[in-house]
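Peer 1: predicted model and sequence follow; I will ask about them next.
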Amino acid sequence: MDYSIEIDKLTKIFNGKVTAVDNVSLKIGSGQIYGLLGQNGAGKSTLIKMLTGSLTPTSGTAKIAGLDLTKDSMKIRKITGVVPQDLTTDGDLSGRENLKLIADLYGIPKKEALERIDVLLHMVDLYDVRDRHAENYSGGMRKRLELACGLMNTPEVLFLDEPTLGLDVTTRENLWKYIRSVQKEFHITIILTSHYLDEVDALANELSIIDHGKIIISGTSDELKKSLKGDIITLKVKNDDEYSKLEKFPESLEIKRMETGDVRMKVNNSDEVLPKLMKFLGENEISPEAISIRKPSLDEVFIEYTGRNINSEAGNTDYAKLMMGRR
């Protein structure tokens with residue numbers, strides 16, 4: 001397999017003590033959408049900033065399209081595109097003027113730039129508003145303009161860092177359509193960082209879960225779901241005594257108490273096991289406040305391997321505080 005990105009033991013430590021990215025090794029195949037899934041503060045953006053040359057790694061190496069991250073940084077910038085979390089387009093300029101500015105920065109000849117700008121504006125459905133100031137675009141339109149800017153230099157690899165952050169559900173799903181069309185049209189490798197489970201599930205050919213700066217597990221969405229090997233029953237019990245009794249339920253493949261206090265039980269087939277569980281609860285005088293059943297999903301995969309829900313507090317709190325302090 002051809003690899004667009006090869007990462008070997010890449011590490012970033014801030015102030016000599018806060019480890020944002022911890023010894024990450026990863027290979028990403030050419031021409032696919034690869035997802036990096038993790039909580040805010042897990043290290044996703046720091047990893048992207050190192051791969052795009054915005055941050056210098058503390059240690060480790062990486063290759064982008066065969067180019068060495070430390071030796072060929074300028075070449076790498078020419079063949080990569082970046083759509084960051086925050087809006088970088090100028091609201092005082094029109095959509096077309098923003099793209100012209102990017103073209104000038106890359107030294108793209110005028111005729112070629114104008115042709116490319118029209119193609120990109122059509123692709124992201126902004127051609128009809130090309131002369132409107134970007135500050136008058138909706139949030140979704142601004143994000144689509146950012147996507148077009150990231151493609152202006154016809155990159156081999158495109159980094160999308162939380163591309164739908166702050167958008168409503170409908171606008172997010174609409175942007176997914178443009179991301180898919182971009183990948184199909186240009187046959188490029190897209191690295192997508194996100195803390196939205198549905199986004200990564202919908203877009204990524206393969207993905208890695210990153211937590212506390214480490215890659216926890218990698219594979220396709222289906223592979224990760226199958227790795228759970230069972231359905232999940234979650235119970236909210238009243239006390240330690242009830243939990244101790246639940247540990248003796250014979251149909252449980254695995255049982256553990258989560259940080260939230262809930263009890264998470266893995267079973268072979270929840271449809272068959274649930275009646276037996278209800279009988280067991282009654283016989284043992286266990287009265288859970290709530291019971292929920294879930295088939296394997298990315299949400300359950302994330303909980304399985306990190307011990308937390310993806311929407312709980314960020315895993316790397318030291319790093320999150322450091323970034324807040326820099327604003």
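Peer 2: Arrived safely.

Peer 1: what are the boundaries of the helices in the stretch 201-327 of the chain?
Peer 2: Counting by DSSP state H, counting those that start in this stretch, residue ranges of the helices within the stretch 201-327 of the chain are 221-226, 240-246, 270-283, 298-306, 317-326.

Peer 1: just the pLDDT for Asp299.
Peer 2: The per-residue pLDDT reported for Asp299 equals 89.

Peer 1: list the buried residues for stretch 54-72?
Peer 2: Buried residues in stretch 54-72, counted by 16 or more other C-beta atoms under 10 Å: 55, 57, 60, 62-65, 67, 69, 72. Just so you know, the C-beta spots here come from the backbone N, C-alpha and C atoms, and that holds for glycine as well.

Peer 1: what is the end-to-end distance of that stretch?
Peer 2: Chord length of stretch 54-72, first to last residue, is 14 Å (C-alpha to C-alpha, to the nearest Å).

Peer 1: same check, this time on stretch 43-56
Peer 2: With C-alpha to C-alpha as the measure, stretch 43-56 spans 14 Å from end to end.

Peer 1: which of the buried residues of stretch 54-72 fall within strands?
Peer 2: Among the buried residues of stretch 54-72, the residues falling in strands (DSSP state E) are 60, 62-64, 67.

Peer 1: would you confirm that Thr70 contacts Thr61?
Peer 2: Yes. The criterion here is C-beta atoms under 8 Å, and Thr70 meets it with Thr61 at 7.1 Å.

Peer 1: next, count neighbours for Lys238.
Peer 2: Lys238: 12 surrounding residues under other C-beta atoms under 10 Å.

Peer 1: surely it and Ser287 touch.
Peer 2: Yes. Between Lys238 and Ser287 there is a contact at 6.9 Å, judged by C-beta under 8 Å.

Peer 1: which stretch of helix or strand covers the residue nearest to Ile117 when sequence neighbours are not counted?
Peer 2: Nearest residue to Ile117, sequence neighbours excluded (C-beta to C-beta, 6 or more residues apart in numbering): Leu99, at 4.5 Å. Element membership of Leu99, judged by DSSP states H and E, is helix 95-105.

Peer 1: and Phe249, what does it touch?
Peer 2: Going by C-beta atoms under 8 Å, 6 or more residues apart in numbering, Phe249 touches 255, 265, 277, 280.

Peer 1: and it, how close does it get to Glu242?
Peer 2: Going from Phe249 to Glu242 by C-beta to C-beta, to the nearest Å gives 11 Å.

Peer 1: wait, Leu145 touches Ala134, no?
Peer 2: Yes. With contact defined as C-beta under 8 Å, Leu145 reaches Ala134; the gap is 6.1 Å.

Peer 1: what do the two both touch?
Peer 2: 89, 95, 98.

Peer 1: phi, psi of the closest residue to the last one other than its chain neighbours?
Peer 2: Right, the one you point to is Asn98. Spatial nearest neighbour of Asn98, excluding adjacent residues (C-beta to C-beta, 6+ apart): Thr89 at 4.7 Å. Backbone torsions for Thr89, taken as degrees, to the nearest 10, come to phi -70, psi 150.
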